[in-house]
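1. What follows is a predicted protein model with its sequence.
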Amino acid sequence: MKPGDIISYTTMCQHEGVNLQRGMNFRLKGGLSVILMSLRKNAPYADRVEEDGKVLIYEGHDVPKYKGLKQDPKRLDQPKLTPFGSLTENGKFYKAAEEYKAKKAGAELVKVYEKIRDGIWTYSGIFKLIDAWEQVETKRKVFKFKLKITDDSDSKDMKPSELEHTRLIPTDVKLAVWKRDKGKCVTCGSTNNLHFDHDIPFSKGGTSLKAENIQLMCARHNLNKHDNII
(Lines give C-alpha, C1' and ligand atoms only; values in the text may rest on other atoms or scores of the structure.)
Protein backbone atom coordinates (compact mmCIF):
# COMPACT_ATOMS: atom_id res chain seq x y z
CA MET A 1 0.00 0.00 0.00
CA LYS A 2 1.26 3.47 -0.91
CA PRO A 3 0.51 6.87 0.68
CA GLY A 4 -2.46 8.37 -1.12
CA ASP A 5 -4.23 5.04 -1.71
CA ILE A 6 -8.00 5.26 -1.23
CA ILE A 7 -9.55 2.26 0.49
CA SER A 8 -12.68 1.07 2.25
CA TYR A 9 -12.84 0.36 5.96
CA THR A 10 -13.01 -3.36 5.22
CA THR A 11 -9.90 -3.23 3.03
CA MET A 12 -8.05 -1.27 5.72
CA CYS A 13 -8.86 -3.92 8.32
CA GLN A 14 -7.88 -6.71 5.96
CA HIS A 15 -4.56 -5.02 5.24
CA GLU A 16 -3.77 -4.68 8.95
CA GLY A 17 -5.10 -8.15 9.76
CA VAL A 18 -7.37 -6.94 12.57
CA ASN A 19 -10.78 -5.37 13.04
CA LEU A 20 -9.86 -1.75 13.76
CA GLN A 21 -12.46 -0.80 16.34
CA ARG A 22 -10.49 1.98 18.00
CA GLY A 23 -8.49 4.91 16.72
CA MET A 24 -5.26 4.20 18.59
CA ASN A 25 -3.57 0.83 18.16
CA PHE A 26 -0.14 0.37 19.72
CA ARG A 27 2.08 -2.17 17.95
CA LEU A 28 -0.53 -4.29 16.26
CA LYS A 29 0.47 -7.94 16.43
CA GLY A 30 3.91 -6.86 17.58
CA GLY A 31 4.48 -4.78 14.45
CA LEU A 32 3.94 -1.11 13.66
CA SER A 33 1.45 1.02 15.54
CA VAL A 34 -1.65 2.30 13.72
CA ILE A 35 -3.78 5.39 14.27
CA LEU A 36 -6.99 6.47 12.57
CA MET A 37 -7.47 10.21 12.20
CA SER A 38 -10.07 12.63 10.93
CA LEU A 39 -9.79 16.31 10.03
CA ARG A 40 -13.44 16.58 9.00
CA LYS A 41 -15.87 18.98 10.58
CA ASN A 42 -17.46 17.55 13.75
CA ALA A 43 -14.70 14.93 14.11
CA PRO A 44 -14.66 13.56 17.69
CA TYR A 45 -11.05 14.60 18.31
CA ALA A 46 -9.05 17.74 17.49
CA ASP A 47 -6.41 16.31 15.15
CA ARG A 48 -4.52 18.83 13.04
CA VAL A 49 -1.69 19.13 10.51
CA GLU A 50 1.20 21.56 10.83
CA GLU A 51 4.42 22.61 9.06
CA ASP A 52 3.06 22.43 5.53
CA GLY A 53 1.85 18.84 5.93
CA LYS A 54 5.00 17.44 7.53
CA VAL A 55 3.68 17.16 11.09
CA LEU A 56 0.51 15.66 12.56
CA ILE A 57 -0.75 16.64 16.01
CA TYR A 58 -2.98 13.80 17.11
CA GLU A 59 -5.31 14.03 20.11
CA GLY A 60 -5.53 11.19 22.61
CA HIS A 61 -8.74 9.30 23.19
CA ASP A 62 -11.41 9.60 25.86
CA VAL A 63 -12.57 7.20 28.51
CA PRO A 64 -14.54 4.48 26.66
CA LYS A 65 -18.27 4.59 27.14
CA TYR A 66 -19.50 1.71 29.25
CA LYS A 67 -22.62 0.68 31.10
CA GLY A 68 -22.88 2.62 34.33
CA LEU A 69 -20.72 5.57 33.23
CA LYS A 70 -22.70 8.55 34.45
CA GLN A 71 -20.49 11.37 33.15
CA ASP A 72 -19.92 12.51 29.59
CA PRO A 73 -16.47 11.20 28.53
CA LYS A 74 -15.80 14.65 27.05
CA ARG A 75 -15.90 16.04 30.60
CA LEU A 76 -13.37 13.57 31.99
CA ASP A 77 -9.58 13.64 31.79
CA GLN A 78 -8.26 11.36 29.06
CA PRO A 79 -6.85 8.32 30.86
CA LYS A 80 -3.25 7.14 30.96
CA LEU A 81 -4.14 4.02 32.97
CA THR A 82 -7.05 1.60 32.92
CA PRO A 83 -9.05 0.96 36.14
CA PHE A 84 -6.81 -2.11 36.59
CA GLY A 85 -3.60 -0.06 36.51
CA SER A 86 -2.32 -1.07 33.07
CA LEU A 87 -1.49 1.46 30.36
CA THR A 88 -4.24 2.62 28.03
CA GLU A 89 -3.42 3.26 24.38
CA ASN A 90 -2.83 6.87 25.43
CA GLY A 91 -0.39 5.63 28.03
CA LYS A 92 1.45 3.31 25.64
CA PHE A 93 1.98 6.01 23.01
CA TYR A 94 2.95 8.53 25.71
CA LYS A 95 5.52 6.14 27.18
CA ALA A 96 6.99 5.48 23.73
CA ALA A 97 7.36 9.22 23.10
CA GLU A 98 8.99 9.77 26.51
CA GLU A 99 11.48 6.96 25.88
CA TYR A 100 12.35 8.47 22.50
CA LYS A 101 12.91 11.92 24.00
CA ALA A 102 15.07 10.40 26.73
CA LYS A 103 17.08 8.60 24.01
CA LYS A 104 16.18 5.23 25.51
CA ALA A 105 14.57 4.01 22.28
CA GLY A 106 14.12 4.93 18.64
CA ALA A 107 11.03 6.79 17.48
CA GLU A 108 7.89 4.67 17.38
CA LEU A 109 6.81 4.10 13.78
CA VAL A 110 3.11 4.71 13.22
CA LYS A 111 0.96 3.99 10.18
CA VAL A 112 -1.70 6.67 9.71
CA TYR A 113 -5.07 6.32 8.00
CA GLU A 114 -7.39 9.31 7.47
CA LYS A 115 -11.17 9.17 7.15
CA ILE A 116 -12.19 11.47 4.30
CA ARG A 117 -15.88 10.57 4.19
CA ASP A 118 -18.18 7.81 5.45
CA GLY A 119 -16.81 4.45 4.35
CA ILE A 120 -13.80 5.98 2.55
CA TRP A 121 -10.30 6.17 3.98
CA THR A 122 -6.91 7.14 2.64
CA TYR A 123 -3.53 5.79 3.69
CA SER A 124 -1.32 8.70 4.76
CA GLY A 125 1.94 6.83 5.25
CA ILE A 126 4.33 6.07 8.10
CA PHE A 127 5.14 8.68 10.74
CA LYS A 128 7.62 8.93 13.60
CA LEU A 129 6.20 9.62 17.07
CA ILE A 130 8.54 12.31 18.40
CA ASP A 131 6.69 14.00 21.27
CA ALA A 132 3.73 13.74 23.62
CA TRP A 133 2.27 15.92 26.36
CA GLU A 134 -0.84 16.63 28.39
CA GLN A 135 -2.67 19.93 28.26
CA VAL A 136 -5.83 21.36 29.76
CA GLU A 137 -8.72 22.00 27.38
CA THR A 138 -12.25 22.89 28.47
CA LYS A 139 -11.37 22.09 32.10
CA ARG A 140 -9.99 18.61 31.47
CA LYS A 141 -6.65 17.06 30.57
CA VAL A 142 -6.13 15.70 27.07
CA PHE A 143 -3.13 14.03 25.46
CA LYS A 144 -1.42 15.42 22.38
CA PHE A 145 0.95 13.40 20.22
CA LYS A 146 3.35 14.90 17.68
CA LEU A 147 4.19 12.74 14.67
CA LYS A 148 6.51 13.67 11.83
CA ILE A 149 6.16 12.18 8.36
CA THR A 150 9.16 10.14 7.30
CA ASP A 151 10.67 9.33 3.94
CA ASP A 152 13.66 7.32 5.06
CA SER A 153 13.81 3.65 5.97
CA ASP A 154 14.10 3.10 9.71
CA SER A 155 12.71 -0.41 9.84
CA LYS A 156 12.72 -3.65 7.95
CA ASP A 157 8.92 -3.42 8.08
CA MET A 158 8.92 -0.34 5.85
CA LYS A 159 8.78 -1.00 2.12
CA PRO A 160 10.07 1.51 -0.46
CA SER A 161 6.53 2.00 -1.81
CA GLU A 162 5.42 3.13 1.66
CA LEU A 163 8.10 5.80 1.82
CA GLU A 164 7.40 7.76 -1.37
CA HIS A 165 5.95 10.83 0.34
CA THR A 166 7.06 13.98 2.07
CA ARG A 167 3.80 15.89 2.68
CA LEU A 168 0.24 15.18 3.67
CA ILE A 169 -2.34 16.28 1.10
CA PRO A 170 -4.72 18.58 3.03
CA THR A 171 -8.15 17.12 3.72
CA ASP A 172 -9.97 19.95 1.95
CA VAL A 173 -7.88 19.27 -1.17
CA LYS A 174 -8.71 15.55 -1.03
CA LEU A 175 -12.41 16.28 -0.69
CA ALA A 176 -12.34 18.81 -3.54
CA VAL A 177 -10.51 16.35 -5.81
CA TRP A 178 -12.89 13.52 -4.91
CA LYS A 179 -15.89 15.71 -5.75
CA ARG A 180 -14.36 17.13 -8.95
CA ASP A 181 -13.27 13.72 -10.29
CA LYS A 182 -16.53 12.09 -9.12
CA GLY A 183 -14.74 9.31 -7.29
CA LYS A 184 -13.33 7.88 -10.54
CA CYS A 185 -10.00 7.49 -12.28
CA VAL A 186 -9.54 10.49 -14.58
CA THR A 187 -8.09 8.22 -17.27
CA CYS A 188 -10.46 5.25 -17.43
CA GLY A 189 -13.33 6.00 -15.07
CA SER A 190 -12.58 3.07 -12.77
CA THR A 191 -13.80 3.29 -9.17
CA ASN A 192 -11.45 0.55 -7.93
CA ASN A 193 -7.90 0.79 -6.51
CA LEU A 194 -7.91 4.58 -6.57
CA HIS A 195 -5.05 6.84 -5.53
CA PHE A 196 -4.54 10.56 -4.95
CA ASP A 197 -1.91 11.30 -7.60
CA HIS A 198 0.22 14.40 -8.13
CA ASP A 199 -0.07 15.64 -11.72
CA ILE A 200 3.38 17.21 -11.35
CA PRO A 201 5.34 15.05 -8.86
CA PHE A 202 6.40 16.68 -5.63
CA SER A 203 10.01 15.78 -6.43
CA LYS A 204 9.73 17.90 -9.60
CA GLY A 205 8.24 20.95 -7.93
CA GLY A 206 4.58 19.93 -7.79
CA THR A 207 2.47 20.97 -4.82
CA SER A 208 0.25 18.99 -2.47
CA LEU A 209 -1.64 22.11 -1.44
CA LYS A 210 -3.75 22.77 -4.55
CA ALA A 211 -6.46 20.57 -6.04
CA GLU A 212 -5.30 21.58 -9.51
CA ASN A 213 -2.18 19.42 -9.03
CA ILE A 214 -3.97 16.41 -7.53
CA GLN A 215 -6.10 13.91 -9.42
CA LEU A 216 -7.71 10.52 -8.90
CA MET A 217 -6.05 7.66 -10.76
CA CYS A 218 -6.47 3.91 -10.60
CA ALA A 219 -3.44 1.81 -9.68
CA ARG A 220 -2.83 0.68 -13.27
CA HIS A 221 -2.79 4.13 -14.83
CA ASN A 222 -0.92 5.60 -11.86
CA LEU A 223 1.82 3.02 -12.39
CA ASN A 224 1.87 3.62 -16.15
CA LYS A 225 2.21 7.35 -15.62
CA HIS A 226 5.10 7.07 -13.20
CA ASP A 227 6.89 4.56 -15.41
CA ASN A 228 6.90 7.25 -18.12
CA ILE A 229 8.15 10.11 -15.93
CA ILE A 230 11.79 10.96 -16.66
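-> That came in fine, so what should we check first?
2. pLDDT on stretch 49-63, on average?
-> When pLDDT is averaged over stretch 49-63, the result is 92.
3. Would you indicate which residues of the longest strand belonging to the chain are buried?
-> Longest strand in the chain, counting residues (DSSP state E): strand 120-137. Across strand 120-137, burial judged by 16 or more other Cβ atoms under 10 Å covers 120-129, 131-132. Backbone N, C-alpha and C define where each C-beta goes, glycine included.
4. what are the ranges of the strands in this structure?
-> 6-8, 24-25, 33-37, 48-50, 55-59, 108-117, 120-137, 140-149, 194-198, 214-218.
5. how about CSV for those, with distance to residue 188 added?
-> Putting these into CSV (distance: least, Cβ to Cβ, whole Å) gives the following:
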stretch, distance to residue 188
strand 6-8, 15
strand 24-25, 35
strand 33-37, 30
strand 48-50, 31
strand 55-59, 33
strand 108-117, 22
strand 120-137, 19
strand 140-149, 30
strand 194-198, 11
strand 214-218, 6
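6. Can you list the low-confidence ranges for the chain?
-> 67, 151-167, 225-230 (pLDDT under 70).
7. For it, which segments are assigned as helices?
-> 9-16, 89-101, 171-180, 219-227 (DSSP state H).
8. need the contact list for the most centrally placed residue in the chain.
-> With distances taken as Cα atoms, centre = their mean, residue 112 lies nearest the centre of the chain, 2.5 Å away. Each residue near residue 112 by Cβ atoms under 8 Å, 6 or more residues apart in numbering is listed here: 34-35, 37, 56, 123-127, 147.
9. Distance-wise, check the residue lying closest to it once chain neighbours are set aside relative to residue 132.
-> Leaving aside its sequence neighbours, residue 112 sits nearest to residue 124 (Cβ to Cβ, 6 or more residues apart in numbering; 4.2 Å). Distance, residue 124 to residue 132, by Cβ to Cβ, to the nearest Å: 19 Å.
10. next one: residue 223
-> To residue 132, residue 223 is 38 Å away according to Cβ to Cβ.
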